[in-house]
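Visitor: Sharing a model prediction with you, sequence too.
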Amino acid sequence: MAARERGLPATFPSAGLPERVTIWEVGARDGLQNEQAVVDVDVKIEFLDRLADAGLRTIEATSFVHPKWVPQLADAERLLAGLTPRDGVSYPVLVPNQRGLDRALDAGVRHIAVFASATESFANRNLNSGLDEQFAMFEPVVSRARAEGIDVRGYISMCWGDPWEGAVDPAQVARVGARLSEMGCSQLSLGDTIGVATPGHVERLIAEVLGAGAALDEVAVHFHDTYGQALANTLTALRAGVTCVDSSAGGLGGCPYAESATGNLATEDLVWMLDGLGIEHGVDLDALAVTSVWLAERLGRPAPSRVVRALAG
């Protein structure tokens with residue numbers, strides 16, 4: 001089938017893929033937290049509104065990490081207070097500890113995420129905790145949130161590789177995921193934090209996580225494009241039955257743990273692939289690309305997304 005207009009790929013469905021994919025947009029949180037300069041809160045609010053206008057329905061808005069550690073997101077309360085609620089749109093926030101949960105509850109948040117590590121080294125450096133000890137920090141947060149009727153997602157970082165430990169044993173990742181699920185996390189987002197995953201490794205890890213008891217609808221993937229593998233890895237995950245993919249508008253967000261890291265999978269690049277495969281997702285590609293160009297102008301540099309650059313060229 002020929003493309004209907006410029007900006008739309010020809011559609012050729014491929015057997016064995018899901019009919020619909022949920023895009024979990026992380027640009028406003030995972031993307032903007034990596035900016036050197038603090039983005040004005042009014043720009044962030046307009047960014048979130050534009051993402052919703054483009055059809056995204058799950059948009060991670062901010063983080064309640066201590067402002068000392070992530071000053072770019074110190075305006076979390078003001079941001080959420082300034083958002084206009086929309087039917088059918090969820091704005092999850094990252095919560096690192098009980099103090100962060102207090103702030104989230106005060107702000108009326110209904111969906112949070114916790115951020116765990118698949119490796120000892122990263123747990124030590126990022127969480128000031130050991131691999132096993134980290135769960136003692138998460139358990140009261142998750143149990144209290146669930147008691148308040150709040151849904152909890154569990155991020156797992158360094159699932160495919162760690163800059164200090166190298167390749168990570170898939171069974172170890174599966175054990176971490178099982179612990180988070182037992183705690184009450186309704187979804188596990190498997191993160192390729194330094195972008196080293198390849199399709200065979202993706203296939204193996206997802207099989208291991210499912211073998212440890214997770215259901216397919218409880219698994220999401222979060223790829224970085226450091227070595228240009230994010231779309232290939234995403235397609236592999238889709239073939240394994242995963243139907244939730246994290247991505248960042250314009251490709252916002254870098255990885256501080258690898259030189260030459262190019263950040264998160266760009267939402268526009270993901271949407272282009274899904275459109276070509278005939279997979280439903282609900283996002284208007286043109287509107288999203290315009291939004292990424294708009295934000296790039298305010299950040300003072302082009303959007304990393306290849307699709308955004310192609311459509312804007």
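Guide: Received the coordinates, thanks.
Visitor: Please make it C-alpha for all contacts and neighbour counts, starting now.
Guide: Noted.
Visitor: Who are the packing partners of the lowest-mean-pLDDT helix or strand in the chain?
Guide: Least confident helix or strand, the chain: helix 120-127 with a mean of 90, by mean pLDDT, DSSP states H and E. Of the remaining helices and strands, none touches helix 120-127 by 3 or more Cα pairs under 8 Å, 6 or more residues apart in numbering; DSSP states H and E.
Visitor: Surely G250 touches R309?
Guide: No - using Cα atoms under 8 Å, G250 is not in contact with R309; the gap is 9.2 Å.
Visitor: Settle it for me: which of those two has more neighbours?
Guide: Counted by other Cα atoms under 10 Å, G250 and R309 do not tie: G250 has more neighbours, with 31 against 15.
Visitor: Now for the nearest residue to T193 once chain neighbours are set aside, how many residues are close by?
Guide: Closest residue in space to T193, ignoring its immediate chain neighbours: M158 at 5.2 Å, by Cα to Cα, 6 or more residues apart in numbering. Neighbour count of M158, defined by other Cα under 10 Å: 27.
Visitor: same thing with V114?
Guide: So V114, with other Cα under 10 Å, has 21 neighbours.
Visitor: ditto for L51
Guide: Residues lying near L51 (other Cα under 10 Å) number 25.
Visitor: likewise the one 3 residues further on?
Guide: Residue neighbour count, defined by other Cα under 10 Å, stands at 19 for A54.
Visitor: Please apply the same query to A167.
Guide: Neighbour tally, A167, other Cα under 10 Å: 15.
Visitor: Next: Q98.
Guide: When neighbours are defined as other Cα under 10 Å, Q98 has 17 of them.
Visitor: Chain neighbours aside, what residue packs nearest to it?
Guide: For Q98, ignoring the flanking residues on the chain, the nearest one in space by Cα to Cα, 6+ apart is V141 at 5.5 Å.
Visitor: Isn't the one you found up against A104?
Guide: No - counting by Cα under 8 Å, V141 stays clear of A104, with 11.1 Å between them.
Visitor: tell me, what's touching G250 and R309 both at once?
Guide: Counting by Cα atoms under 8 Å, 6 or more residues apart in numbering, the shared contacts of G250 and R309 are A303.
Visitor: that older thread, got the buried residues for the least confident helix or strand of the chain?
Guide: Residues of helix 120-127 classed as buried: E120, S121, F122, A123, L127 (neighbour count, 16 or more other Cα atoms under 10 Å).
Visitor: same check, this time on stretch 60-74
Guide: Neighbour-count burial for stretch 60-74 flags E60, A61, T62, S63, F64, V65, P71, Q72, L73, A74 (criterion: 16+ other Cα under 10 Å).
Visitor: wait, which of those residues is closest to G200?
Guide: The closest of the buried residues of stretch 60-74 to G200 turns out to be E60 (Cα to Cα; 28.9 Å).
Visitor: Enumerate every residue touching the closest one.
Guide: Residues near E60 by Cα under 8 Å, 6+ apart: W24, E25, V26, G27, A28, R29, S90, Y91, P92, V93, L94.
Visitor: just those residues now: which is nearest E46?
Guide: Nearest to E46 among the contacts of E60 is A28, at 10.6 Å by Cα to Cα.
Visitor: Tell me the secondary structure of the residue positioned nearest the centre of the chain, please.
Guide: Nearest to the mean C-alpha position of the chain, by Cα atoms, centre = their mean, lies D246 at 3.8 Å. Here D246 is recorded as strand under DSSP: H, G, I helix; E, B strand; the rest coil.
Visitor: hey, C-alpha coordinates of stretch 216-223 in CSV?
Guide: These are the backbone C-alpha positions of stretch 216-223, laid out as CSV (Å, rounded to 0.1, in the frame of the first residue of the first chain):
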residue,chain,number,x,y,z
LEU,A,216,3.2,-10.5,29.0
ASP,A,217,0.8,-7.6,29.8
GLU,A,218,3.0,-6.9,32.9
VAL,A,219,6.2,-6.4,30.8
ALA,A,220,7.3,-3.2,29.1
VAL,A,221,10.7,-2.4,27.4
HIS,A,222,12.8,0.7,27.6
PHE,A,223,15.6,0.9,25.1
